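Chemist: coordinates only, sequence not included:
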C-alpha cells in the first residue's frame, strides 16, 4: 500500500507533537506501507514570519516573502525526519524545489504546473519514508522559490498522491473529519464517514475549512481518494471518493459558512469591468483578490458578494461603499435540491428570528445570506434541521 | 569600489536591528559602492534550532540538522533584502546553494571546494545589492545542503571577497575591532587600527573570538584585506592586511585566551594513535573533534592539551583521565619573540599570585597554561604589561 499523508501545523506545534506524529508514521512503515508525508509549518510559524516581515516593511517584496515563508515547512520537515530516523525509520526530507514541484513564476500564490520528483522516486525505491515541505515549489523558468498560497500544503499532498497514484491521500489535522456542522457551533455535529467529490467541493466553496477549495477541486479533477481525519488518533474520519448519485434527495448533509462577507457596489456597465475594478483596488491596497460568491446588476451598478479571511475583509471597510458585516450559511444536500426546500428552510430561519437577506441556489446546496450576528444561530437552526430530517 | 560585508547574528537580533543595518548598506549603495552582504542567523536562532533538534533526538541526523539550521540564515537574508527594497535599494537574496557555494559532502562541517556564483554575478551586473546566507553550501556530488560549521558565515564572506576580488571584506559585529585584550576583562583595552595576517592567525589560533581561525587562515591564504569593526557605528575598527616585518620587537600586541582547556592522558606509542583514540572517543559521544594546542610524551602515554567550546569540553569530564579546568592566555607580540620574554612575563604572573603550569612557545607569541580560575587575572596582568611597554 502506498499512501500520502499531510499533517497540518496545528498537529505539529511542539517537539512532542512531532514525535507523536513520527510514532504514527513508524507504525505504518512497519506494516509495510510506503509513505510520502507532506508537512505544514509548525503551529503558528507562518503567521509569525509574516508578522516579522510586516515589521520590516508594510509591503514586503513578494520574492523575499516566499524565501522567508518557505523556512517554516523546512523546519518541520527536518524535525519530523530526525524524529523518524531516531525511531529507526529510514526517512529523508525534501524541499518543494528538491522534490521537483514545478510552479509558474507567480510569488505568494503560485500554481503547480508539473511534478518531476526524481529524488523522491529514488528515495522511495530505497524504501525510505519521504518527508516533504508542503506549500512550496520552484519556477523552472526563473529558478525562483515560490509558495502556493493558502491551503498550499493540501495542494502539494493531493498533487503528489495523484502523481504517484497513491491509494489514498490522508489530510490529518485537528478535526475528527468532515462534520454535519462546525462542532464548535453545534456540539451535536457528527462526523460523516463517506462523501462524494462534488459534495466536498460544494462544501469547500461555501466555506468549509477542513480542506482548501483549490485542493478539493484538484482531488476531484485528478480522482485522488482523500481521507480527512485527526492527526493524533485513528478510527474516525471521512473518506471522499466517487460522485454522488444525483437523486432528488434533499437531506442536509452538512452546514458550512463564510463568516466574513460583504456586498460591494461598483459602478460599471460590464461585470468584467466591475471585477477588474475590485481587483485593481485590492492590489493597490496590497490585499489579495477576494472570493466572489454572487453578482447582480442594479441599474448602472454591479453588486458583488465577496468573502475572504478576516484580515483581508476587514481592511476593505469604507473602500467600496460596502454593506455591513454579512455571513453566508450553506446547506449542502445529499442529492439535487428543489427550490421548495429553500423556502422551507428560510421559513424555519424566520421562525427563529433570523432574516434571510438573499438566497443563492446551486445544484447541491442552498446558501442563505444573512447578518453576521445571526450566523451561529443559523448554523445551529439548519444543522438541527439536518438531525430532524 | 566593491566590498563584501558580513553581519553577525548579534547585529541582527530584531527587526529594528535589521532596518538599521539596511540603512547603513543603503548609504554605501548611494555612494556607488557595489556590495555583497553575507548574513548570519538572527541573534540566538542557530542555538534555538539546535535545542529544538535535541528535543527531537539526542543525536539528530546530520543531514536533517543541516536542513534545519540553514533556515536561520535564510530568514535573516530575506528580511534584510525586504528592508533594503523598502529603502528603494534593489536587493536580492540567495541561499548558499543559489549562490553556487560548492562544498564537500560532509554535513555540519563542510569545506568550500569552489564558488560558481552565476546568479550573484548576474545580479551584480544589474547593479543589485546581493544578500547571501552565510554558513551554508551545497555538495555538487550529492546535491545535499551542507553547513560550514562554526564561523561558517565568516568563511563564506572571505571566500566571496576572494572570488570577486573585493577591495575589502568587512566583518561587522558587536565589537569595536581587534583589541589589545578582551574589553570585558580589561576595561582599558584599546582597538588596534591595523595588524598583519600572521598576527591575526596567531590571535585566532590562541582563542581570539572576533573571527573564526579558519576564516582568518583563508583570508591570509587568499590575501583578502579584512576589516573588523562594529555593525552599528563607523569610524572605528581594525584593518588586517600584509605581513608584519619580523623584527625582534617583543611589544605585546594583543592578549587572547582559550577559557576551556584540558590536558588529557592517552596510552599510545605513537602520537597519531593517541589523536585517533581521542577522535574515536569523541565521535562515539557525538562530540566534534577538539582543537589540539600542545602534545607531549610521558613514558608510554601522550599528554594532549585540548580546547573547544564550553559545551564540547564539559562533556569530556571523566572520559580521558583529564586534568581539572585549565585555560591558556596568549600574548601575541609585534615581532619575533625571544625566550627571555617568556621568563619575564612568567615572573610578572608569579608576582601576581598566578602559577604558570607550562609555557608554549611560538614565533609571534607566548602562551601560558594556567588554572582557569586565574584566567581573568592573567589577562589583566599581561595586558597591563602591554600598556607599560
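Modeler: On my side now, so go ahead. These numbers come from a predicted model, not from an experiment.
Chemist: residue A:381 is in what secondary structure piece?
Modeler: Using DSSP states H and E, residue A:381 sits in helix A:375-388.
Chemist: oops, could you answer that again for residue A:170 instead?
Modeler: strand A:168-173.
Chemist: before we move on, what about residue A:274?
Modeler: Secondary structure assignment for residue A:274, by DSSP H and E: helix A:271-284.
Chemist: check residue A:132 too.
Modeler: Counting by DSSP H and E, residue A:132 is part of strand A:129-133.
Chemist: same deal with residue A:361?
Modeler: In this assignment (DSSP H and E), residue A:361 forms part of strand A:358-362.
Chemist: can you check residue A:68 too?
Modeler: Per DSSP H and E: residue A:68 is located in helix A:62-86.
Chemist: then residue A:257?
Modeler: strand A:252-267.
Chemist: next one: residue A:312
Modeler: Going by DSSP H and E, residue A:312 is in helix A:310-313.
Chemist: in that helix, what's buried?
Modeler: A:312-313 (16 or more other C-beta atoms under 10 Å in any protein chain shown). Backbone N, C-alpha and C define where each C-beta goes, glycine included.
Chemist: do stretch A:296-310 as well
Modeler: A:301-308.
Chemist: cool, stretch A:9-29 as well?
Modeler: Judged by neighbour count using 16+ other C-beta under 10 Å, the buried positions of stretch A:9-29 are A:9, A:11-12, A:15, A:17-22, A:24-26, A:28-29.
Chemist: what of stretch A:375-386?
Modeler: For stretch A:375-386, the neighbour count (16+ other C-beta under 10 Å) marks A:375-386 as buried.
Chemist: pLDDT below threshold where in the stretch 151-300 of chain A?
Modeler: Residue ranges of the stretch 151-300 of chain A with pLDDT under 70: A:244-248.
Chemist: show me where the stretch 101-250 of chain A has its strands.
Modeler: In the stretch 101-250 of chain A, strands defined by DSSP state E, counting those that start in this stretch lie at A:101-103, A:112-115, A:129-133, A:136-138, A:145-147, A:168-173, A:194-195, A:226-230, A:238-240, listed in chain order.
Chemist: tell me the angle the strand holding residue A:361 makes with strand A:252-267.
Modeler: Strand A:358-362 and strand A:252-267 are oriented at 120 degrees to each other (axes from the mean of the first three to the mean of the last three C-alpha atoms, to 10 degrees).
Chemist: hmm, who's touching strand A:358-362?
Modeler: A:202, A:293-294, A:305, A:328, A:337, A:339, A:342, A:346, A:366-369 (C-beta atoms under 8 Å, 6 or more residues apart in numbering or on different chains).
Chemist: residue A:263: how many residues sit nearby?
Modeler: Residues lying near residue A:263 (other C-beta atoms under 10 Å in any protein chain shown) number 21.
Chemist: likewise for the one 3 residues further on?
Modeler: The criterion is other C-beta under 10 Å. On that basis, residue A:266 has 20 neighbouring residues.
Chemist: before we move on, what about the one 10 residues further on?
Modeler: Here the count is done by other C-beta under 10 Å, and residue A:276 has 13 residues near it.
Chemist: how far away is it from residue A:104?
Modeler: Taking C-beta to C-beta, to the nearest Å as the measure, residue A:276 falls 21 Å from residue A:104.
Chemist: how about the residue most central in space within chain A: what's its closest non-neighbour residue?
Modeler: Nearest to the mean C-alpha position of chain A, by C-alpha atoms, centre = their mean, lies residue A:212 at 1.5 Å. Counting by C-beta to C-beta, 6 or more residues apart in numbering or on different chains, residue A:151 is the residue found nearest to residue A:212 once chain neighbours are left out, at 2.2 Å.
Chemist: also residue A:206?
Modeler: Using C-beta to C-beta, 6+ apart and skipping residues adjacent in sequence, the residue nearest residue A:206 is residue A:330, 3.6 Å away.
Chemist: cool, and residue A:96?
Modeler: Spatially, and ignoring its direct neighbours in sequence, residue A:96 is nearest to residue A:136 (3.5 Å; C-beta to C-beta, 6+ apart).
Chemist: with residue A:286 instead?
Modeler: Distance criterion C-beta to C-beta, 6+ apart; nearest residue to residue A:286, sequence neighbours excluded, is residue A:59 at 4.9 Å.
Chemist: and the one you found, how many neighbours does it have?
Modeler: Residues near residue A:59, counting by other C-beta under 10 Å, number 13.
Chemist: residue contacts, residue A:292?
Modeler: The contact partners of residue A:292, by C-beta under 8 Å, 6+ apart, come to A:275, A:304-306.
Chemist: now it: how far from residue A:238?
Modeler: Using C-beta to C-beta, residue A:292 is found at 28 Å from residue A:238.
Chemist: let's have the buried residues of stretch A:375-386 in a markdown table, adding pLDDT.
Modeler: Shown next, in a markdown table, are those (pLDDT from 0 to 100):
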| residue | pLDDT |
| --- | --- |
| A:375 | 96 |
| A:376 | 95 |
| A:377 | 95 |
| A:378 | 96 |
| A:379 | 95 |
| A:380 | 93 |
| A:381 | 93 |
| A:382 | 93 |
| A:383 | 89 |
| A:384 | 81 |
| A:385 | 69 |
| A:386 | 61 |
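Chemist: Throw these into a markdown table and include distance to residue A:175, thanks.
Modeler: Converted to a markdown table, these look like this (distance: C-beta to C-beta, whole Å):
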| residue | distance to residue A:175 |
| --- | --- |
| A:375 | 19 |
| A:376 | 18 |
| A:377 | 22 |
| A:378 | 21 |
| A:379 | 16 |
| A:380 | 19 |
| A:381 | 22 |
| A:382 | 19 |
| A:383 | 16 |
| A:384 | 21 |
| A:385 | 22 |
| A:386 | 18 |
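Chemist: ok, which of those also contact chain B?
Modeler: Of the residues in the buried residues of stretch A:375-386, proximity to chain B by C-beta under 8 Å from any C-beta of the partner chain holds for none.
Chemist: looking at those residues, spot the one nearest chain B.
Modeler: Of all the buried residues of stretch A:375-386, residue A:375 has the smallest distance to chain B: 36.6 Å, by C-beta to the nearest C-beta.
Chemist: is it correct that that closest one is in contact with residue A:325?
Modeler: No - with contact defined as C-beta atoms under 8 Å, residue A:375 does not reach residue A:325; the gap is 9.3 Å.
Chemist: isn't residue A:7 right next to residue A:231, touching?
Modeler: Yes - contact criterion C-beta under 8 Å: residue A:7 and residue A:231 qualify, at 5.7 Å.
Chemist: more neighbours: the two, which one.
Modeler: The neighbour comparison of residue A:7 against residue A:231 (other C-beta under 10 Å) goes to residue A:7, with 28 against 22.
Chemist: wait, which of the buried residues of stretch A:9-29 is closest to residue B:317?
Modeler: Set against residue B:317, the nearest of the buried residues of stretch A:9-29 by C-beta to C-beta is residue A:15 (27.2 Å).
Chemist: in space, what's closest to that closest one - neighbours in sequence excluded?
Modeler: residue B:55 (3.8 Å).
Chemist: what is the strand or helix carrying the one you found packed up against?
Modeler: If you go by DSSP H and E, residue B:55 is part of helix B:45-56. In this structure, helix B:45-56 makes packing contacts with helix A:15-30, helix A:62-86, helix B:62-86, judged by 3 or more C-beta pairs under 8 Å, 6 or more residues apart in numbering or on different chains; DSSP states H and E.
Chemist: assess the claim that residue A:257 and residue A:207 are in contact.
Modeler: Yes - shown here, residue A:257 and residue A:207 form a contact pair, counting by C-beta under 8 Å, at 4.9 Å.
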